[in-house]
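> Sequence first, then the predicted structure, then my questions.
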Amino acid sequence: MKKNNAGITLVSLVITVIVLLILSSIAVYSGVSTIRSARLTKFTTELKMMQQKVNELYDSYINNKSVTVNGVEYVGQGEYTTQNTEDGQTQTVQTKLGIQDIGEDPEGLFNSNRLEEVFSAEGSGITDRTGHMYYDLETIQALGLDDMEYEFFVNVATRSVVSIEGFNDYGTRYYTLDQVPNGVYNVDYISNGTVNFETTSEVVNGEGKIYIKNITATGYVNKWQVRYRIKAEEGENENAWTTTEEFTGNAYTINVPTRNLLDTYEIQVIHGNEIASSPQEYHILKVGDYINYTYDEADNYVITSEYTGSNSNPSAGIPQTKDLNWRILKVHDDGTIDLISEMATDTDIFFESAVGYNNAVFILNDICAKQYSNATLATTARSLNLDDVEEELNDQGIEEKNKYISEGNVQYGNFKLYQGIYPLLYAEENGTWTNISSEDITAGLTEEKIRQNLKRDGIDVSENGYTSLTTDSASTVVQNLIMTQSFYQLEVKSEYLKNSDIYSVLFEQEETYWLASRSINCYENYGNFAISGITNNFIGGSGTFNTDTGIGTPSRAIRPVVSLDLNSIRLVGDGREHNAENPHEIVIE
C-alpha cells in the first residue's frame, strides 16, 4: 500500500508550536530587558549630569562665587552681618543666601517615613540628611539641565546627590551613583589634575589627630584615599605607606598614637592611580613648638642667707618673671608633655658655702613650684635639671661627656681621696665614701675596694635631698673621703643630641642658668662641691664649697619646667609653624 507524504504530522506541528513559543518568549524578555537597560541608562545619566552640576556649584560654594537660580542670587557660603537688638544684644543676620541654600528644605515637604526610607543604611546608604535640599524639576531646569525626569536631594557642601524615587532593579533600589552597578561616582575628572588639601591637628586623650580637610581638585573628584607614613630619619630605610579605604567628601582624620606625636608624617591625597597631591610633611608636635601655657600670679619668693649661705639675694625676695613663653621640651610615652620656659628668669639667685650646696636643688625646685605652676591644670613647676639634659645626649654626646678630665687629672666617673670636710647632704649621696678609717688607708685603697664601698642606695644628684629648707652646714671634723668626679664641662653641638631641635631650646639663648642638680669636681688639692648649670652652649656648673673650707658665691637664673597630662587637656594646632606668635592652644576638657 502506498503512503501519503503530503500532510503535516501531529508531532511536527507540536514541535513547530513549541519553537514559536520559545522564540516569542525570548523576544518578549529581550524587549523587557532592553527597556529596563534603557531606563537604568537614563537614570544613571541623569545622576551623572546632576553630580557634575553639583560639582560646579561646589566650586562656587568654596570660592565665594555667585550663582543665580530663578532670579535669586546665591553667594558662596552666604553673607552675614551683625546687628544690634532692642535689648542691647548683638545678633548675626544673613544678608545673602549661600549656594548651599539652593532648593527647598525637604523636612516640610516630604513625609518623615519617606525621608527615613531614603536616608538609611538600607536605602541610599547615607544616614545623615542634614544639609540636603530638595531640587525639583523647576530648580533643575533653572540650573541649565533640560528634559530631566528625576528629582534629587542635594547637599552642596558634601557634593552629595541622592535620587528621590530611586531606580528599582529586580528588587534592589538604587539612589546614588555609588549604588549603580559599575557606577562611577567621580564625574568628569581630569587625569593628572591638581590636588590640594589643608591640615590641622589636635591631641585628645593623649593621642593625636591629623585632620585633612578642604580637599580640592581640578575635575571635581569626590572619592579619595589618603596615604601616609612616618618620615624616615636620614640614613634609615623608608617606611611603608599606609593607604586608607576610599571615602567621599573632602575630609579625613589620621589617628596618631602617643609614641608618634613628635614624628613627621608624609601625607598624600590620591584618587586611584590617576591623580595625587604632592606629599606634604606634617607633625602634630615638635620639640621647640610653642604652647600657650600660662602660670598663676605669685608673690616674691623670700629667701635668706640662713638657707642660701649668701647675702647677695634681694632682701625683698626673688620676683616672679612675667609673661614667659613656653616651648615643648619632651613628649613621654605615658601621655605627659614637658614644657620649658623660652628664656631664663629675670633674677639670678646666689648660693654660697655648704648650706647653699645642701639647699640649692630644693630651693630651685621650690621657687619654680611657687611661681610658675597652674592650679587649674593641676601642674606643679620645677627647675630644669641635669637628668633632663643628659637624656637628650646621643651616644656621641655621652662619649664626649665621659672624656672629661678635671684639673686634678681625674676622668669623669673616676674618684680621688681627700682629707677635709664636706656638706652634710654629701654623705647621703650616691657615689660617696666618707669617714674612711686610717686602717683602710694603711691597708691600701684598691679600685675594687673603693667601688665596693661607694654608696649605691643614697640620694641621686637631682633629688631635693631635704623635704624642707635646712640650716645644716658642713661636717665639723676633718675626715678621709672618696669623691667621684661627676662634674664635667661639655661644649654641646647639635650632633651630640638625639633630636637636633633640642639645641635651639636649651643652648641658643646665650644665657647662664642653674640646673637643679649637684656635682663633684676633683681638683689636685681639694674637692669642690658644685651646682650644675648651663652657660650658653656649655654644660658645667659652679662650686659653692671646698673640702679645704674654701667657698664660692656663684649666681645664675632659673629655667622652669612644667609637665602637662595630655589625657586631661586638648592641644590644638592649625598646621602652621608654632612660634611665639602662633602657639598650640591648650583647651581644658
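Okay, I see it. Numbers count the residues shown, from 1 in each chain.
> At the geometric centre of the protein, which residue do we find?
In the chain, the C-alpha closest to the average C-alpha coordinate belongs to residue 284, at a distance of 2.7 Å (C-alpha atoms, centre = their mean).
> quick check, that one in a helix?
No - counting by DSSP: H, G, I helix; E, B strand; the rest coil, residue 284 is not found in a helix; it is coil.
> quick one: it and residue 571, what's the gap?
Per C-beta to C-beta, to the nearest Å, residue 284 is found 8 Å from residue 571. The way it works is simple: take the backbone N, C-alpha and C, and place the C-beta from them, glycine included.
> Residue 54 too?
37 Å.
> before we move on, what about residue 104?
43 Å.
> Pairing partners for residue 512 in the sheet, please.
Counting by DSSP bridges, residue 512 is bridged to residue 535.
> okay but it is in contact with residue 556, surely?
Yes - look at residue 512 against residue 556 with C-beta atoms under 8 Å: they come within range, at 5.1 Å.
> Which of those two has more residues huddled nearby?
Between residue 512 and residue 556, residue 556 has the larger neighbour count (other C-beta atoms under 10 Å), namely 23 against 18.
> which one is the more buried one nearest to, not counting chain neighbours?
Excluding the flanking residues, the one nearest residue 556 by C-beta to C-beta, 6 or more residues apart in numbering is residue 514, at 4.5 Å.
> show me the contacts for the one you found.
Counting by C-beta atoms under 8 Å, 6 or more residues apart in numbering, residue 514 makes contact with 349, 360, 364, 383, 531-533, 556-559.
> Name the helix or strand for it, please.
strand 512-522 (DSSP states H and E).
> Quick check, residue 333 in contact with residue 259.
Yes - look at residue 333 against residue 259 with C-beta under 8 Å: they come within range, at 5.2 Å.
> In stretch 389-399, which residues are buried?
Going by neighbour count (16 or more other C-beta atoms under 10 Å), the buried part of stretch 389-399 is 389-390, 392-393, 397.
> From the residues you listed, pick the one nearest residue 165.
residue 392 (66.0 Å; C-beta to C-beta).
> what's the spacing between that closest one and residue 424?
Residue 392 is 32 Å from residue 424, by C-beta to C-beta.
> May I have the secondary structure class of residue 225?
Residue 225 is classified as strand under three-state DSSP.
> quick check, residue 57 in a helix?
Yes - Residue 57 sits within a helix when classified using three-state DSSP.
> and it, how many neighbours does it have?
21.
> cool, the one 4 residues further on as well?
One way to gauge burial is a neighbour count; for residue 61, by other C-beta under 10 Å, it gives 23.
> Looking at the buried residues of stretch 389-399, which are in helices?
389-390, 397 (DSSP state H).
> so can I have a markdown table of those showing distance to residue 136 and pLDDT?
Putting these into a markdown table (distance: C-beta to C-beta, whole Å; pLDDT from 0 to 100) gives the following:
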| residue | distance to residue 136 | pLDDT |
| --- | --- | --- |
| 389 | 71 | 97 |
| 390 | 73 | 97 |
| 397 | 72 | 97 |
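> Tell me how many other residues crowd residue 86.
Residue 86: 5 surrounding residues under other C-beta under 10 Å.
> for the one 5 residues further on, same thing?
Residue 91 is surrounded by 9 other residues when neighbours are defined as other C-beta under 10 Å.
> List the beta-bridge partners for it.
residue 83.
> if I look at the residue nearest to the centre of the chain, how far off is residue 210?
The separation that residue 284 has from residue 210, given C-beta to C-beta, amounts to 6 Å.
> Check the contact lists of those two and give me the overlap.
201, 256.
> returning to what we had before: in terms of neighbours, single out the busier of residue 104 and residue 571.
Comparing residue 104 with residue 571 by other C-beta under 10 Å, the one with more neighbours is residue 571, at 25 against 13.
> dump the residue contacts of residue 357.
351, 423, 425-426, 518, 529-531, 544-545.
> Check these and tell me the two furthest apart.
Farthest apart among the contacts of residue 357 by C-beta to C-beta are 351 and 426. That separation is 14.6 Å.
> Between these two, which has more neighbouring residues?
Taking neighbours as other C-beta under 10 Å, residue 351 and residue 426 compare with residue 351 leading, 30 against 27.
> Now do the contacts for that one.
By C-beta under 8 Å, 6+ apart, the contact list for residue 351 reads 308-310, 357, 359-360, 363, 531, 544, 553-555.
> Could you verify that residue 49 is part of a helix?
Yes - checked against three-state DSSP, residue 49 lies within a helix.
> Check the gap between it and residue 131 for me.
Using C-beta to C-beta, we find residue 49 at a distance of 21 Å from residue 131.
> More neighbours: which of those two?
Neighbour count, other C-beta under 10 Å: between residue 49 and residue 131, residue 49 has more, with 18 against 13.
> shouldn't the more buried one be in contact with residue 146?
No - with contact defined as C-beta under 8 Å, residue 49 does not count as touching residue 146 (10.2 Å).
> Quick check: residue 378 vs residue 330, distance?
Noted for residue 378: a distance of 19 Å to residue 330, by C-beta to C-beta.
> quick one: common contacting residues for residue 284 and residue 571?
Residues touching both residue 284 and residue 571 by C-beta under 8 Å, 6+ apart: 202-203.
> Show me the domain layout of the protein.
Domain assignment of the chain by automatic domain parsing yields the ranges 35-174, 195-284, 290-573.
> Which helix or strand contains residue 571?
With DSSP H and E as criterion, residue 571 is part of strand 569-573.
> and that strand, what does it pack onto?
Identification of packing neighbours for strand 569-573 by 3 or more C-beta pairs under 8 Å, 6 or more residues apart in numbering; DSSP states H and E yields strand 195-204, strand 585-588.
> and the ones you listed, which is most packed in?
For the helices and strands packed on strand 569-573, the largest average neighbour count (mean count of other C-beta atoms under 10 Å) is found in strand 195-204, namely a mean of 19.
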